[in-house]
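**Q** Have a look at this prediction, sequence included:
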Amino acid sequence: MLHAKVIDIKEKKLTLSEAEKFVSSSNFGASIYFTGTVRNQNNNKNVIGITYDSHDELVLKSFKEIYNEADEKLKIKDKSVFIEHAKGYLNLEEISIIIAVACKHRDQAYVLSRYIIEEIKKKTPIWKKEHYADNQSEWLKGNPLINEKI
């Protein structure tokens, strides 16, 4: 079972409560919650916020592919996965991504959660622009849209 969304943060903030509701089930004995938040330092620069942008359709496609790859590579068939990523400007400490997974056993949940975030970082077309205390900003290296049919 998969829930995957890109959330425009002008309309709504990412919250753990929705993730908890989605993965909660007596079928699973282990749940893992991962949140990524905006931190105040990167590459020796004082960060004050981040703007996230994405190709939403391809992001959702990527999330689904990662979920399906987990079936093949990790052999974890019984699972519940919740993924939401923010789009727009975030201040320090605001949540940019939530990944919640539930599986029958804790080792499966840890492995699956780690697999999902690492694959998202490698494959998903989400870009971020850091805003710095010195009023400068910079787009960081992201994943290009190569060979994708839009």
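**A** Nice, I can see it.

**Q** Show the contacting residues for the residue sitting nearest the centre point of the chain.
**A** Centroid-nearest residue in the chain, with C-alpha atoms, centre = their mean: Ile97, separated by 4.0 Å. Neighbour list for Ile97: Leu14, Phe34, Thr35, Gly36, Ile83, Glu84, His85, Ala86, Ile117, Ile120 [criterion: C-beta atoms under 8 Å, 6 or more residues apart in numbering]. C-beta here means a position set from N, CA and C on the backbone, and glycine is covered the same way.

**Q** Please pick the buried ones from those residues.
**A** By neighbour count, with 16 or more other C-beta atoms under 10 Å, these hold Leu14, Gly36, Ile83, Glu84, His85, Ala86, Ile120 as buried.

**Q** For the residue of the chain most remote from its centre, give its distance to Glu20.
**A** Centroid-distance maximum for the chain: Asp134 at 28.2 Å, with C-alpha atoms, centre = their mean. Using C-beta to C-beta, to the nearest Å, Asp134 is found at 39 Å from Glu20.

**Q** And for Ile83?
**A** Here the distance between Ile83 and Glu20 works out to 14 Å (C-beta to C-beta).

**Q** what's the answer for Leu74, then?
**A** 23 Å.

**Q** what are the ranges of the helices in the protein?
**A** Secondary structure of the chain, counting by DSSP state H: helices at 16-23, 56-74, 106-123.
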